[in-house]
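A.B. asks: I'll drop the sequence and a predicted model, then ask my questions.
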Amino acid sequence: MTPLCKPTLRKLVLFRFMRNSLFQAWKEPTPSPGWSIDAAPRARLWLVYAAFATPILLIALRLIWLQLLIPDRFMAAWTKTTETSESIPATDGRILSSDGQVLAFDQPRYSIHVHYRWLEEPVNSDWLKARARDRLTRSERKDAGKVAATQALILEERDALWQSLAQVTRHSLDQLALKRQSIQRKVEAMSHSVNARRLARATTAATYRSDEPLLTRFWKELSTAPDRSSSRPIVLREELETHAILDDVDLDQIATIEAMPSRFPGVEIRSTSERIYPLGDLAPHVIGLRSPVKDTEIARRKERYPGGDPLALEVGDRYGESGIERAYDSQLRGVRGLRRVVRDHAGEIIEQSVVRPPRNGTDV
């Protein structure tokens, strides 16, 4: 075996050393001639800036859209009005003797109704805030001081309302307070019953869901729309309506209230009539009798006149049952009118107009 010369041995050792090294300089890959992000630091800064600015810009655009383009959608609940039709009662004609003596006539009766929120004590905070916001502009609503001042003004108007009612109707504040408390107890009892049943149903449903297998509950959470019902108490219709405070009010008192509506906010005057026979038992078989219309009679007339009852009979109207009252019922009977009433979201009247005036009956 021929011994290796020193130069050859030196090259072999160097070769084996280089193979075992961590870095082989002669095998380093040459960089590609294309573009590299490391070669453009300014571009990297712009990319980072865009990554932060894009979501912020989207949020800003969303806020602008909510504030300027679609505010009406969110204010719809406060600006929404409901339009209903209410009947206007009419009086029936009189029955007169040949010498002009009145044998039968309708005596009008007036009652004072007040909106529930104006008689509720203590005042409903949501209603008070909504009423204050209705009186302020959009910019003024952001001023907590102006909102508080407007709420205080509304509370003063509530106190002045009951002071004025007591003065005009010649009733004491204690008498009116007892009537208000009676109405509020009834409405609160109804509200408590309704909301208690609602809470019981929700508790029962939650118990059923907790007893279900985990896989079933997981699937229902994925496949069933979430329950978006509000946890706030249900507002009853009675909380958005007027309630009778005083009955059989004198006509001069009614005229005073209707002449100064600004002093009586939330007050509504309603009228009915009562058939009076001033001579009592004189010839009842001849004069006859007018009786309230029964539900069965109204249902029968609805079937007979599917397009609408020409007499517009409602529960509480009267019809001739015997004697002259029956024989001349078509002449004596008054025809109800129709009133268009517009209410705000709180149920208070903001506009009303007469669509069809009532037509009183003619005398016989």
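C.D. replies: Cool, the structure landed.

A.B. asks: Not counting sequence-adjacent ones, nearest residue to residue 160?
C.D. replies: residue 263 (7.0 Å; CB to CB, 6 or more residues apart in numbering). Quick note: C-beta positions are derived from backbone N, CA and C, even for glycine.

A.B. asks: count of residues packed around the one you found?
C.D. replies: 17 (other CB atoms under 10 Å).

A.B. asks: phi, psi of it?
C.D. replies: phi -80, psi -10 (degrees, to the nearest 10).

A.B. asks: now swap in residue 191 and tell me
C.D. replies: Dihedral angles (degrees, to the nearest 10) for residue 191: phi -60, psi -40.

A.B. asks: what about the helices in the stretch 201-350 of the chain?
C.D. replies: Remark: helices assigned in the stretch 201-350 of the chain by DSSP state H, counting those that start in this stretch are 214-223, 251-259, 284-287, 295-304, 323-327, 329-332.

A.B. asks: now those helices in JSON lines, with mean pLDDT and mean neighbour count?
C.D. replies: As requested, the helices of the stretch 201-350 of the chain are arranged in JSON lines below (pLDDT from 0 to 100; neighbours: other CB atoms under 10 Å):
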{"stretch": "helix 214-223", "mean pLDDT": "71", "mean neighbour count": "10"}
{"stretch": "helix 251-259", "mean pLDDT": "90", "mean neighbour count": "14"}
{"stretch": "helix 284-287", "mean pLDDT": "84", "mean neighbour count": "13"}
{"stretch": "helix 295-304", "mean pLDDT": "83", "mean neighbour count": "11"}
{"stretch": "helix 323-327", "mean pLDDT": "88", "mean neighbour count": "18"}
{"stretch": "helix 329-332", "mean pLDDT": "87", "mean neighbour count": "17"}
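
A.B. asks: and of these, who's closest to residue 351?
C.D. replies: Among these, the nearest to residue 351 by CB to CB is helix 251-259 (16.2 Å).

A.B. asks: Which strands or helices does that closest one pack on?
C.D. replies: Helices and strands touching helix 251-259, by 3 or more CB pairs under 8 Å, 6 or more residues apart in numbering; DSSP states H and E, are strand 102-115, helix 144-169, strand 267-276.

A.B. asks: so of the ones you listed, which one's packed in deepest?
C.D. replies: strand 102-115 (a mean of 18; mean count of other CB atoms under 10 Å).

A.B. asks: tell me the mean pLDDT for it?
C.D. replies: What strand 102-115 shows for mean pLDDT is 91.

A.B. asks: Sheet-wise, list the partners of that strand with their directions.
C.D. replies: strand 95-96 (antiparallel), strand 242-246 (antiparallel), strand 267-276 (antiparallel) (DSSP bridges).

A.B. asks: per-stretch mean pLDDT over those, give me the minimum one.
C.D. replies: strand 267-276 (a mean of 88).

A.B. asks: Return the alpha-carbon coordinates of that strand using CSV.
C.D. replies: Extracted in CSV, the C-alpha atoms of strand 267-276 (Å, rounded to 0.1, in the frame of the first residue of the first chain):
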residue,chain,number,x,y,z
VAL,A,267,-107.5,64.3,30.7
GLU,A,268,-110.2,63.1,28.4
ILE,A,269,-113.9,63.8,28.6
ARG,A,270,-116.4,61.1,27.7
SER,A,271,-120.1,61.3,27.3
THR,A,272,-123.0,58.9,27.5
SER,A,273,-126.7,59.3,27.8
GLU,A,274,-129.5,57.9,29.9
ARG,A,275,-133.2,57.5,28.9
ILE,A,276,-135.4,59.5,31.2
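
A.B. asks: Distance to residue 308 added to the strands paired with strand 102-115, as JSON lines?
C.D. replies: Shown next, in JSON lines, are those (distance: least, CB to CB, whole Å):
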{"stretch": "strand 95-96", "distance to residue 308": "29"}
{"stretch": "strand 242-246", "distance to residue 308": "27"}
{"stretch": "strand 267-276", "distance to residue 308": "23"}
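
A.B. asks: Compare the ones you listed and give me the one nearest residue 152.
C.D. replies: strand 267-276 (21.2 Å).

A.B. asks: Now tell me what touches the closest one from outside.
C.D. replies: 89, 91-92, 104-115, 118, 161, 165, 242, 244, 254, 257-258, 261, 290, 316, 318, 349 (CB atoms under 8 Å, 6 or more residues apart in numbering).
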